[in-house]
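Colleague: sequence and computational prediction follow.
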Amino acid sequence: MAVSRTGGSSGKLRGQVGDTIYQVKRNSDGTYTQYVYSKGGHTEETLTPKLQAQRMCVAIVQSIMRDLKPVGGISFEAGRNKTQSLNSFSSNNLRLVQRDCQDHWYSGNLFIFPARHRTDLQIKDLGGPFMLSSGSLMQNTFDLVEYDDRPVVNYQEISGWDYQLYGLRFSAFFGNETVDAFLRRHKMTRSDKVVFCGFRDWIDYTVDPENPDERYQNDYAIVSVNPRIPGETVLTTSVLSDLFPVTSSIPFDFFIGRNNDLFCIGYLCDVQNSDEQFYYTGGFSISYAKGKKQISTSFYENPGGGSEPWLLNAQPANVFGSWMGEPQVRPYPSPF
């Protein structure tokens, strides 16, 4: 198995994947150069189908690594540090994509396989059921990964029908329990974290309102527990933002249920004005309740419950010709 020298699939690879050998050599100026060989010969410039299929799969994993690097650095329980966790995040997802590529070359694919021209740093429409985390924690400390397509009915201070709410939901007894009681009920400690991730699609009018761009991005929210909030503090809606500091790629907020018995740390999508939605979401917990670090295992899932990829005509056979310099060949024969 090839591994990254610098952390993650965006680093240079060394090792062996099938018949392909990756080497990294240090240059005189301190930089590194990637070399690719096959057993018995140099194939750096040869577009062999298996090598190009490997590159296509790596490009898919790079798309999520670019956006979710802060998450990948903390999401694998077996990783002793951020680099090891990132490498596990990368290698596990690469295996998932490779398996999907081989098993579903012509149809039934779960990941979105890109034509070669769609793999630059600005293209991010490469979603799929990626693995977000892995570990031994059996139950999350939050209640569920929230998807509410009518939050105006269930949450306060949401006045329009043209919104969708995504995030992490917690039950709460506002005014009737302390911070310590809330944490005990959710089996949380002051060292814990909860994490939400989502693959978002929206229409961006900011650059050119007459010619808007469709944008794609993997977003995240990493929620900590503030150790400085006294445990005897009564849990109220005004305490939440101080109790749960949020580090996120987009602005997450606190949404309170209409019956004051729950809240969501989430993001409100503007469906009408930006045609905004999450195609995949997931969440996991990092817990120290048993005196050691435990992480729940999670994958991206379709919030609506479907299993099909959101982008049609993205089977490997339909796009792989572009990787071989033969884009007109559809379907391209499987190299496996």
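Modeller: Ah, there it is.
Colleague: quick one: low-confidence ranges for the stretch 51-200 of the chain?
Modeller: 118-125 (pLDDT under 70).
Colleague: for it, just list every one of the strands.
Modeller: 131-133, 144-148, 163-171, 193-204 (DSSP state E, counting those that start in this stretch).
Colleague: okay if I get those as a markdown table plus distance to residue 233?
Modeller: C-beta coordinates here come from the backbone N, C-alpha and C atoms, glycine included. Below are the strands of the stretch 51-200 of the chain laid out as a markdown table (distance: least, CB to CB, whole Å):
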| stretch | distance to residue 233 |
| --- | --- |
| strand 131-133 | 30 |
| strand 144-148 | 25 |
| strand 163-171 | 16 |
| strand 193-204 | 20 |
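Colleague: most tightly surrounded among those?
Modeller: Comparing the strands of the stretch 51-200 of the chain by mean neighbour count (mean count of other CB atoms under 10 Å), strand 131-133 comes out on top with a mean of 25.
Colleague: residues in contact with that strand?
Modeller: 68, 71, 75-76, 89, 92-93, 96, 195, 197, 282-284, 295-300 (CB atoms under 8 Å, 6 or more residues apart in numbering).
Colleague: what lines up beside it in the sheet?
Modeller: strand 298-299 (antiparallel) (DSSP bridges).
Colleague: who does the helix or strand that comes right after the strand it pairs with touch, helix- and strand-wise?
Modeller: Using DSSP states H and E, the next helix or strand after strand 298-299 towards the C-terminus is helix 316-323. Helices and strands touching helix 316-323, by 3 or more CB pairs under 8 Å, 6 or more residues apart in numbering; DSSP states H and E, are helix 49-67.
Colleague: work out the gap between the helix it packs on and the centre of the chain.
Modeller: Relative to its chain's centre, helix 49-67 lies at 15 Å (CA atoms, centre = their mean, to the nearest Å).
Colleague: what distance separates the start and the end of stretch 66-81?
Modeller: Start to finish, the residues bounding stretch 66-81 are 19 Å apart (CA to CA, to the nearest Å).
Colleague: now do the buried residues in that stretch.
Modeller: Within stretch 66-81, the residues scored as buried using 16 or more other CB atoms under 10 Å are 67-77, 79.
Colleague: please apply the same query to stretch 180-189.
Modeller: Neighbour-count burial for stretch 180-189 [16+ other CB under 10 Å]: 182-183, 186, 188.
Colleague: just give me the closest of the buried residues of stretch 66-81 to residue 328.
Modeller: The shortest gap between residue 328 and any of those belongs to residue 67, at 32.1 Å (CB to CB).
Colleague: do I have it right that that closest one meets residue 217?
Modeller: Yes: at 5.9 Å, residue 67 and residue 217 qualify as touching, with contact defined as CB atoms under 8 Å.
Colleague: taking the buried residues of stretch 180-189 one by one, which sit in helices?
Modeller: 182-183 (DSSP state H).
Colleague: would you list the buried residues of stretch 180-189 in TSV and tack on distance to residue 269?
Modeller: As requested, the buried residues of stretch 180-189 are exported to TSV (distance: CB to CB, whole Å):
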residue	distance to residue 269
182	28
183	30
186	26
188	27
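Colleague: from the buried residues of stretch 180-189, which is closest to residue 136?
Modeller: Distances from residue 136 to the buried residues of stretch 180-189, taken by CB to CB, are shortest for residue 188, at 16.9 Å.
Colleague: please name the nearest non-neighbouring residue to residue 111.
Modeller: residue 128 (3.3 Å; CB to CB, 6 or more residues apart in numbering).
Colleague: re the thing from before, and which of the buried residues of stretch 180-189 is nearest to residue 224?
Modeller: For the buried residues of stretch 180-189, the nearest to residue 224 is residue 188 (10.7 Å; CB to CB).
Colleague: OK, contacts around the residue lying closest to the closest one once chain neighbours are set aside?
Modeller: Excluding the flanking residues, the one nearest residue 188 by CB to CB, 6+ apart is residue 141, at 4.8 Å. Neighbouring residues of residue 141 by CB under 8 Å, 6+ apart: 186-188, 192, 194, 285, 287.
Colleague: among these, which two are most distant?
Modeller: 187 and 194 (11.8 Å).
Colleague: where along this structure do the helices fall?
Modeller: Going by DSSP H, the chain shows helices at 49-67, 69-72, 82-103, 151-154, 179-185, 240-243, 271-274, 316-323.
Colleague: for residue 254, which of those is the nearest?
Modeller: The nearest among the helices of the chain, by CB to CB, is helix 240-243 at 4.7 Å.
Colleague: avg pLDDT for the closest one?
Modeller: Mean pLDDT, computed over helix 240-243, is 98.
Colleague: ok, stretch 206-215 next?
Modeller: Here the average pLDDT along stretch 206-215 is 88.
Colleague: from here on, call the first residue 15.
Modeller: OK, 15 is where the count begins now, so the last one is stretch 220-229.
Colleague: quote the end-to-end distance of that stretch.
Modeller: Start-to-end, stretch 220-229 (CA to CA) is 12 Å.
Colleague: for that stretch, what is the distance to the chain centroid?
Modeller: Worked out by CA atoms, centre = their mean, stretch 220-229 lies 25 Å from the chain centre.
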